[in-house]
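J.: let's see this in three dimensions:
(chains A, B, C and D)
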Number of protein chains: 2
Amino acid sequence: MAEDKTATIKEPKTARGEATRQSILQAAEKVMGRVGFNEASIGSITREANVAQGTFYIYFKGKDEVFSELVTEMGRMLRHEINEATKGISDRLAAERAGLRAFLSFVAAHPELYRIVQEAQFVDPDTYRAYFSTFADGYRQGLAAAVQSGEIRPGDADIRAWALMGIARSLGERAVVFGHMTPIDELVDTAHDLIVNGLKT
Amino acid sequence: MAEDKTATIKEPKTARGEATRQSILQAAEKVMGRVGFNEASIGSITREANVAQGTFYIYFKGKDEVFSELVTEMGRMLRHEINEATKGISDRLAAERAGLRAFLSFVAAHPELYRIVQEAQFVDPDTYRAYFSTFADGYRQGLAAAVQSGEIRPGDADIRAWALMGIARSLGERAVVFGHMTPIDELVDTAHDLIVNGLKT
DNA sequence: TAAAGACATGAATACTGATTCATAATTCAT
DNA sequence: ATGAATTATGAATCAGTATTCATGTCTTTA
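T.: A predicted model of the protein is given here:
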């Protein structure tokens, strides 16, 4: 039946509590970003946060819970960045460029968070899927509208949305995971040219 | 003279041993593909393989080692498939299409292996990086040659290689992880059109 | 300023699952 | 056929770490 998870309530009631919770969260981001979810022990997180182990359980049910919170938080931040970067740009291809640029800047600035989202695929599949489905939905709508208005050539919007997300993710990974130090503008220029004009002569 | 670097020797000397080793490998592929690396215990693998727990350590140093072997094996298989599918095709854009098709067919046929490669990013980063670096190198050379010969328009070959790999991976993930059931030919047609012609009208 | 509630501690406990190893069975070479 | 090598077993260890909890400190408020 419906099991009540309310048994262990969290939510700090005090400024002090909120601060502690926050420092645990930050420590978790740092440690998990560096060594990954599995290697990150509660002990290593609380040590980084300068609190005792037991304190962790005042605010979180376990490792999974902090992790999910980090992923969700990261999603919010990234969506916000991209919205800011593209809002007010009506030209679809220009928006494409601005969005790509914002994405790559973000992952360059937050490599740990990038890693955490990727790892969510295995640690918290539901959150992971929700994360990318949300992105894909928005993307698809934008592309469909642009096809409708004749701004871009016809083609399945969902498949294209995934293809374009793939380009962005792959270039992000190239930089963050594989250490290729290409300047972002060069990445954006090359990728955008490919997206707009394709490979053909 | 033990040219083996394996301080603790493995390598079955007997048909029986080879068979057992193989069934452990298959069981590991199955179990790890289903529940992921961390949830896959040695016990669950040996149970699946119908051998005792101790038997595992006759052939492998630990979980990491089977895992690496699976990733490497998968890389070999996939490269082979793509080489077969594209060999003899001199036209670059046609090869692009054939390679994409081969890739998507492969991941559709081996969803577990796909998952395992992704997880290698966290379990065995070196192998993961080697895997994609190898792919990227080959890809880059092909693109650079095609630019040289005037077959495709100029543009940084390395960035393009990563962008195109990203498209393939993303469409694979869309199918395998997100369960979108689009027929492969439709995926290939749409993606190839995007790759060749871009989005512009 | 004192009682109540919130927060913090960290040693003790509990659990999970990896790894070992003494023993037994099977296969191989002669 | 028989001793030697190889392979197989699984219960017993071992290690790491997640989680609890009895106790102590801080903060609020009446």
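J.: mind telling me what element the residue of chain A found nearest DNA strand C is part of?
T.: Chain A approaches DNA strand C most closely through A:Gly54 (1.7 Å), counting by Cβ to the nearest atom of the strand. C-beta coordinates here come from the backbone N, C-alpha and C atoms, glycine included. Under the criterion of DSSP states H and E, A:Gly54 resides in helix A:53-59.
J.: ok, back up a step: count residues in the vicinity of the residue of chain A closest to DNA strand C, would you?
T.: Neighbourhood size, A:Gly54 [other Cβ atoms under 10 Å in any protein chain shown]: 9.
J.: would you put the C-alpha positions of stretch A:105-125 in CSV?
T.: Taking C-alpha atoms only, stretch A:105-125 is exported to CSV below (Å, rounded to 0.1, in the frame of the first residue of the first chain):
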residue,chain,number,x,y,z
SER,A,105,29.5,27.8,-21.5
PHE,A,106,27.5,26.3,-18.8
VAL,A,107,29.2,22.9,-18.9
ALA,A,108,32.6,24.5,-19.1
ALA,A,109,31.8,26.5,-16.0
HIS,A,110,30.3,23.5,-14.2
PRO,A,111,32.1,20.3,-15.2
GLU,A,112,31.2,18.5,-12.0
LEU,A,113,27.5,19.1,-12.5
TYR,A,114,27.9,17.9,-16.0
ARG,A,115,29.3,14.7,-14.8
ILE,A,116,26.6,14.3,-12.2
VAL,A,117,23.8,14.6,-14.8
GLN,A,118,25.5,11.9,-16.9
GLU,A,119,25.8,9.6,-13.9
ALA,A,120,22.2,10.1,-13.1
GLN,A,121,21.4,7.8,-16.0
PHE,A,122,22.5,5.0,-13.7
VAL,A,123,21.9,6.3,-10.3
ASP,A,124,18.5,7.8,-10.8
PRO,A,125,17.1,6.9,-14.2
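J.: could you confirm whether it reaches chain B?
T.: Yes: on the criterion Cβ under 8 Å from any Cβ of the partner chain, stretch A:105-125 is in touch with chain B at A:118-119, A:121-122.
J.: packing partners of the helix or strand of chain A with the lowest mean pLDDT?
T.: Here the helix or strand of chain A ranked lowest by mean pLDDT, DSSP states H and E is helix A:111-123, holding a mean of 90. Applying 3 or more Cβ pairs under 8 Å, 6 or more residues apart in numbering or on different chains; DSSP states H and E, we find helix A:111-123 packed against helix A:15-35, helix A:63-86, helix A:125-148, helix A:157-176, helix B:111-123.
J.: a markdown table for those, including distance to B:Met32?
T.: Listed next are those as a markdown table, based on distance: least, Cβ to Cβ, whole Å:
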| stretch | distance to B:Met32 |
| --- | --- |
| helix A:15-35 | 21 |
| helix A:63-86 | 20 |
| helix A:125-148 | 15 |
| helix A:157-176 | 22 |
| helix B:111-123 | 6 |
